[in-house]
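[1] kindly generate the corresponding structure for this input.
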Amino acid sequence: MSMLRIHLSQEDLARTRVMDTWGPLGETLLSLTTLQQVKGPTVLGGWRQQVRQTLGPVLHPAATLFQSAFLDLFTSTGPTASWEEGLEALRGVRPDLMREELIGAGELRELMTGSTERWTGLAWGDPAYDRADRRALVDFLDGYHRVAVAPHWSRIRARLQQEQAGHARAFAEKGVEALLAGLPPGFRWRPPVLEIGRGAQVKDLRLDGRGLMLVPSAFYETRPNVFLSPVDSQQPAVLFVPVLRTVGDVAGVLTTAPGGTLKALKALLGRTRAHALDAIGVSACTTSELAQRLGISLASASEHATVLRQANLIATTRHGSAVHHALTPLGSSLLNGTPSS
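    Just a heads-up that it's a prediction; the model follows:
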């Protein structure tokens, strides 16, 4: 066990911010690491079992890269809004940066865990400089994402938005220190130090004015680690914060409509429109939020919402310059597979 102590100066606190998500690529990379942890978080046990039953053992050699919880491809790609944008960013990571991340992940794993066991991720290929291996990595992640993350993405996106909104309220009303003090178990704010994890192995990190970027995540297990930009020493350190903390949280996010209902809705409404109905079912949202949850354009989200409204599956109300969409009783009944009363 180990502990990371992040020392935050007044300048660091002034530069601390919260974003809603690193995007579908970031969540997919985090989920793959969590899936392969021998002692993964029990709260995600049901999701892990479901993915393993669907995929079987993750045998692709590229998966070994993500056995280390310290591998950082997030800051190399940056946050991305859609899956396609994320894959394009991964294809474009500079070879020297990817090589640095791969080697650094192994070294950091040894430092933080005290492990002398060789990390096998470095034994597979060379996705940094070999184009074929880079393509193999992208193809593997694409197939994995479609099974493990994509079916749940609209609900994940909605939950991350809710978490970010809660943090933003705490920040606006009580300040950054209240935000840090309100982080979930595993984080401890002891001004001016944020502690992560426990144990005799302690690493101290001073941010030197770069600040923190707090990023909610559905798949991140609290770990004594932050991620630093390999190219810009002024970019805030990235700290992922878990949002699924109970089995109930997981059931509400990493599930879709019951039984074969969503599958039937895809056949009836079309795939994107069915996911739009499911996303609105998680929580009422604006057209812009719907576009973000689905990873589509604002114009496309508006078109899908119009069709759902015309079918009396959602109701739309205007608040100032924004419109908010919510399920109607008919839409709720259709989504949940229950007769309308």
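[2] need the distance between the two termini of stretch 322-334.
    In stretch 322-334, first residue to last residue: 26 Å (C-alpha to C-alpha, to the nearest Å).
[3] show me how the chain divides into domains.
    Per the record, the chain has its domains at 2-242, 257-336, by automatic domain parsing.
[4] and those domains: which comes nearest A251?
    Closest of the domains of the chain to A251 is domain 2-242, at 7.5 Å (criterion: C-beta to C-beta). No exception for glycine: its C-beta is placed from N, CA and C like everyone else's.
[5] please tell me how far the nearest residue to L30 once chain neighbours are set aside sits from S332.
    Excluding its sequence neighbours, the residue lying closest to L30 (C-beta to C-beta, 6 or more residues apart in numbering) is F219, at 4.2 Å. Using C-beta to C-beta, to the nearest Å, F219 is found at 28 Å from S332.
[6] these two: which has the busier surroundings?
    Neighbour comparison, F219 and S332: the larger count goes to F219, with 25 against 17 (by other C-beta atoms under 10 Å).
[7] related to what we said a few turns ago, assumed the residue nearest to L30 was part of a helix.
    No: judged by DSSP: H, G, I helix; E, B strand; the rest coil, F219 forms no part of a helix; its state is coil.
[8] quick one, what contacts E100?
    Taking C-beta atoms under 8 Å, 6 or more residues apart in numbering, we find E100 in contact with P230.
[9] can you confirm it is in a strand?
    No: E100 is assigned helix when assessed by three-state DSSP, not a strand.
[10] ok, now how distant is it from V231?
    From E100 to V231 the distance is 10 Å (C-beta to C-beta).
[11] can you put the domains of the chain in JSON lines and add mean pLDDT and distance to A251?
    JSON lines is the format used below for the domains of the chain (pLDDT from 0 to 100; distance: least, C-beta to C-beta, whole Å):
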{"stretch": "domain 2-242", "mean pLDDT": "87", "distance to A251": "7"}
{"stretch": "domain 257-336", "mean pLDDT": "84", "distance to A251": "11"}
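[12] between those domains, which gets nearest to V250?
    Nearest of these (C-beta to C-beta): domain 2-242, 5.9 Å.
[13] what ranges does this structure have for its strands?
    Here the chain has its strands, by DSSP state E, at 2-7, 17-18, 187-190, 193-197, 201-206, 212-217, 237-242, 285-286, 314-319, 322-327.
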